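Novice: Fold the following for me, if possible:
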Amino acid sequence: MKFRSFPAAGALFGISILFIFSISTCFLCACQIQKPEEPDKIYAGVTYYNQSDTFLNELNSSFKEQLKSFANDDLEVSVTIRDAAGSQRIQNDRVRELIDMGCNVLCVNLVDRADPSEIIDLAKEHDVPIIFFNREPVAEDLMQWDKLYYVGAEAKESGIIQGEMAVDVIRADFNRIDRSKDGKIQYVVLEGEAGHQDSIVRTENAVDTLKNNGIKLEKLSYQIANWNRAQAQNRMEQMIVQYPNKIELVLANNDDMALGARDAYEKRNLTESALPVFFGIDGTDVGLEAVMDSRLSGTVYNDKEGQAAAMAKLAVALISGKGMKEIKFTNDKYIYLPYSRVSEENVKKFLK
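Specialist: The predicted model follows:
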């Protein structure tokens, strides 16, 4: 009779240990392979509606500085900025170009806040998150994807503050400002864009605030100047001819237009007593200097440094996956920075 030989108990134990070790090693390797790598580069692509906008140029410069402060030996940071030249079609092409260049996060200042669909579709297709800034998309559009965010400020607040500043200045010097001596303030408005949400909201709230504080107003005219200083000067020159020596208050939706209005009067070499009072919004460098020099009676500071810092922090968090919990959102999508009033008394703290 023949007997089969079987491995000794010790040998079986050794084989079992080897098998278990091999399986454990495989699992360990699998875990190591599946562990996501830390990103080594944040490549932000920025596109904004028009390079002639003073405020946005300052905001973009601050954003580049803020984002690059996150760079270190393990993290490379770069920013590419593209102008949309006032065309939504061109901006769509710019977004496609930035994605093709390898940008892994986009910062978009929309030309048309009601038409972001193509940009959102491109971003979703390539899994590139978008931080919209300064021009707030329609809420329904922002809900199209979980990687869409907005950084900016609430336009209503800026209009209210501008109105409050105008109330204070008018009350303090009513007899001089009311040159017609009719107990009313004749005013004109320079608006940013036809139908633009921020333009409408800023104007409505500034005027309502004046009225609600007992200032009697008479509206002479309003003109669209597309946020542009030269256009505002041109529109103001036309209104001066139409309403000679009647305009007592100029409310402008931004500093560039307020300064354009002032330029129109200075071109005529009028004495200071013959000028209306001028108010802007944004607190750009030239706007702040104009407040310092008493060329503007006040402006409303739109916190470009705060917005740039929020955009940079959010961009890093979106790509690295770290820090999102530390960011304070409104309705999980929005980051709003407050406005501040700027007068001759406090302008120095806002100047660089």
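Novice: how about Glu289, secondary structure?
Specialist: With DSSP: H, G, I helix; E, B strand; the rest coil as the basis, Glu289 sits in helix.
Novice: for Arg82, same thing?
Specialist: Secondary structure, three-state DSSP: Arg82 is strand.
Novice: Now it. Nearest residue, chain neighbours left out?
Specialist: Nearest non-adjacent residue to Arg82, counting by CB to CB, 6 or more residues apart in numbering: Arg94, 4.2 Å away. For the C-beta atoms, the positions are set from N, CA and C on the backbone; glycine is no exception.
Novice: is it true that that neighbour touches Tyr48?
Specialist: No. Judged on CB atoms under 8 Å, Arg94 makes no contact with Tyr48 at a distance of 9.4 Å.
Novice: wait, what's in contact with Ala290?
Specialist: Applying CB atoms under 8 Å, 6 or more residues apart in numbering to Ala290 gives the contacts Asp255, Ala258, Leu259, Arg262, Gly280, Leu296, Thr299.
Novice: which residues are in contact with both of Arg94 and Tyr48?
Specialist: By CB under 8 Å, 6+ apart, Arg94 and Tyr48 have these common neighbours: Asp83, Ala84.
Novice: residue ranges for the helices of the stretch 101-250 of the chain, please.
Specialist: Using DSSP state H, counting those that start in this stretch, the helices found in the stretch 101-250 of the chain span residues 117-126, 139-142, 155-172, 174-177, 197-212, 229-242.
Novice: got the CA coordinates for stretch 314-330 in CSV?
Specialist: Output in CSV follows, covering the C-alpha atoms of stretch 314-330 (Å, rounded to 0.1, in the frame of the first residue of the first chain):
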residue,chain,number,x,y,z
LEU,A,314,-11.5,79.9,-2.1
ALA,A,315,-9.4,79.0,-5.2
VAL,A,316,-6.8,77.3,-3.1
ALA,A,317,-9.4,75.4,-1.0
LEU,A,318,-11.2,74.2,-4.2
ILE,A,319,-8.0,72.8,-5.7
SER,A,320,-6.4,71.5,-2.5
GLY,A,321,-9.6,70.2,-0.8
LYS,A,322,-8.5,72.0,2.4
GLY,A,323,-9.9,75.0,4.1
MET,A,324,-13.5,75.0,2.7
LYS,A,325,-14.9,74.7,6.3
GLU,A,326,-13.1,77.8,7.4
ILE,A,327,-14.7,80.0,4.7
LYS,A,328,-18.0,81.7,5.7
PHE,A,329,-20.5,81.4,2.9
THR,A,330,-24.0,82.8,2.6
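Novice: mind listing what's buried in it?
Specialist: Across stretch 314-330, burial judged by 16 or more other CB atoms under 10 Å covers Leu314, Ala315, Val316, Ala317, Leu318, Ile319.
Novice: Excluding chain neighbours, give the residue nearest to the fourth one in space.
Specialist: The reference is to Ala317. Here the nearest residue to Ala317 in space, its sequence neighbours aside, is Gly323; by CB to CB, 6+ apart that works out to 3.9 Å.
Novice: ok, the one you found to Trp145 distance?
Specialist: Look at Gly323 and Trp145: by CB to CB, to the nearest Å, they are 20 Å apart.
Novice: again with Val277
Specialist: 46 Å.
Novice: For those two, indicate the residue with more neighbours.
Specialist: Val277 (21 against 14; other CB atoms under 10 Å).
Novice: That one against Arg179, yeah?
Specialist: No. In this structure Val277 lies outside contact range of Arg179 using CB under 8 Å: 11.0 Å.
Novice: In the sheet, which residues pair with Ala252? Tell me.
Specialist: Under DSSP bridges, the beta-bridge partners of Ala252 are Leu190.
Novice: nearest residue to Ala232 other than its sequence neighbours?
Specialist: The shortest distance from Ala232 to any non-neighbouring residue, by CB to CB, 6+ apart, is to Gly260 (2.8 Å).
Novice: List the contacts of the one you found.
Specialist: With contact set as CB under 8 Å, 6+ apart, Gly260 has these partners: Leu190, Ala225, Asn228, Arg229, Ala230, Gln231, Ala232, Gln233, Asn234, Arg235, Met236, Ala252.
Novice: Out of these, who's the most crowded?
Specialist: Ala252 (34 neighbours).
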